[in-house]
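A.B. asks: Below is the sequence, then the predicted model.
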Amino acid sequence: MAPLARRLRSLALTMALAVTGIATSAAAQTPQIAVAASVKPAMDELAAAFRQATDQEVSVVYGASGNFTRQIRQGAPFQLFLSADEGFIFQLADAGLAADRGEVYAEGRLVLFVPNGSSLKADSALADLRAGLVDGRVTRFAIASPEHAPYGRAAEQVLKGQGLWEPLQGRLAIGEDIAQAVRFATSGSAQGGLVAHSLVLAPQVRALGSFALVPAEWHLPLRQRMALMKTAGPVARDFHAYLRGPEARVIFRRHGFLIAGEES
């Protein structure tokens with residue numbers, strides 16, 4: 001009986017290890033994808049469409065492109081990175097972490113968003129923002145962090161170029177990423193903000209206020225570049241290929257992005 005009991009225990013252990021191995025393998029096949037916060041509405045749709053088309057899953061994490069770059073340098077296991085600024089992809093390529101220098105998947109636009117009930121008007125020339133700084137109507141104004149978020153850096157370029165940066169000092173509500181800046185701009189705690197066009201097109205945000213596109217020539221182009229990391233597995237590579245295809249381009253356009261080589 002003792003030898004039989006030992007064999008049964010050994011068989012049970014082998015089966016348990018096999019089940020654990022299958023689970024671990026399945027988890028390993030779900031790649032983590034780092035995605036700039038400005039891409040969230042589009043990426044939610046893209047990941048779902050990819051799952052439906054291929055029966056494969058990706059795990060998407062959203063945040064500031066600068067923070068993702070730092071995390072990848074520190075060993076974060078992201079297999080694909082969609083940055084809101086191509087410069088961060090170039091940094092990872094130069095550090096030997098990206099498979100190559102990637103490619104532009106879209107170009108973003110900046111908007112002035114004004115929440116319902118604000119004393120400001122949404123105008124492309126920022127004329128009412130300028131007037132509001134003079135007459136005291138503007139006490140809080142939202143942007144993303146220029147240090148971590150490309151849309152924050154673009155907002156800084158716009159405000160400096162229009163002579164509004166200095167008057168806004170002490171009144172800026174700075175989000176860690178562009179999604180947090182949108183929350184500041186829509187919450188009513190700020191009179192408005194410079195945020196991503198792609199995020200204000202989301203129905204739940206669009207219902208909270210109005211917006212006007214800022215002239216693209218007022219800031220450096222928001223070329224959003226993606227690249228596979230050298231650790232990328234087959235599912236991440238399949239997703240990367242899907243993002244380069246015609247169905248993905250349609251989804252990006254629907255969410256307010258410009259596509260390289262196409263008319264706006």
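C.D. replies: That came through, no problem.

A.B. asks: then stretch 236-243 to PDB, C-alphas only?
C.D. replies: C-alpha atoms of stretch 236-243 as PDB (Å, rounded to 0.1, in the frame of the first residue of the first chain):
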ATOM      1  CA  ALA A 236       2.400  41.200 -29.200                       C
ATOM      2  CA  ARG A 237       3.800  41.000 -32.700                       C
ATOM      3  CA  ASP A 238       0.400  40.000 -34.100                       C
ATOM      4  CA  PHE A 239      -1.200  43.000 -32.300                       C
ATOM      5  CA  HIS A 240       1.500  45.300 -33.600                       C
ATOM      6  CA  ALA A 241       0.800  44.000 -37.200                       C
ATOM      7  CA  TYR A 242      -3.000  44.600 -36.500                       C
ATOM      8  CA  LEU A 243      -2.400  48.200 -35.500                       C
END
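
A.B. asks: Do a quick rundown of the helices in the stretch 101-250 of the chain.
C.D. replies: Secondary structure of the stretch 101-250 of the chain (DSSP state H, counting those that start in this stretch): helices at 127-135, 150-161, 165-168, 178-186, 197-200, 203-206, 234-243, 246-254.

A.B. asks: List the neighbours of the last one that are in contact with it.
C.D. replies: Going back to what we said before, that points to helix 246-254. Helix 246-254 has contacts (Cβ atoms under 8 Å, 6 or more residues apart in numbering) with Ala42, Glu45, Leu46, Ala49, Ala53, Tyr105, Ala106, Tyr242, Ile259, Glu262. Every C-beta, even on glycine, is put in place using the N, C-alpha and C of the backbone.

A.B. asks: From Gln56, how far out is the closest residue in space to the second one that isn't next to it in sequence?
C.D. replies: In space, Glu45 comes closest to Ile251 once its chain neighbours are excluded; the distance is 5.3 Å by Cβ to Cβ, 6 or more residues apart in numbering. Shown here: Ile251 relative to Gln56, a distance of 17 Å by Cβ to Cβ, to the nearest Å.

A.B. asks: Might you report the residue contacts of Gln162?
C.D. replies: Counting by Cβ under 8 Å, 6+ apart, Gln162 makes contact with Leu126, Arg130, Trp218.

A.B. asks: Please apply the same query to Gly132.
C.D. replies: Taking Cβ under 8 Å, 6+ apart, we find Gly132 in contact with Ser119, Leu120, Val138, Gln191.

A.B. asks: Try it again at 10 Å.
C.D. replies: Ser118, Ser119, Leu120, Lys121, Leu126, Val138, Thr139, Phe141, Pro167, Gln191, Gly192 (Cβ atoms under 10 Å, 6 or more residues apart in numbering).
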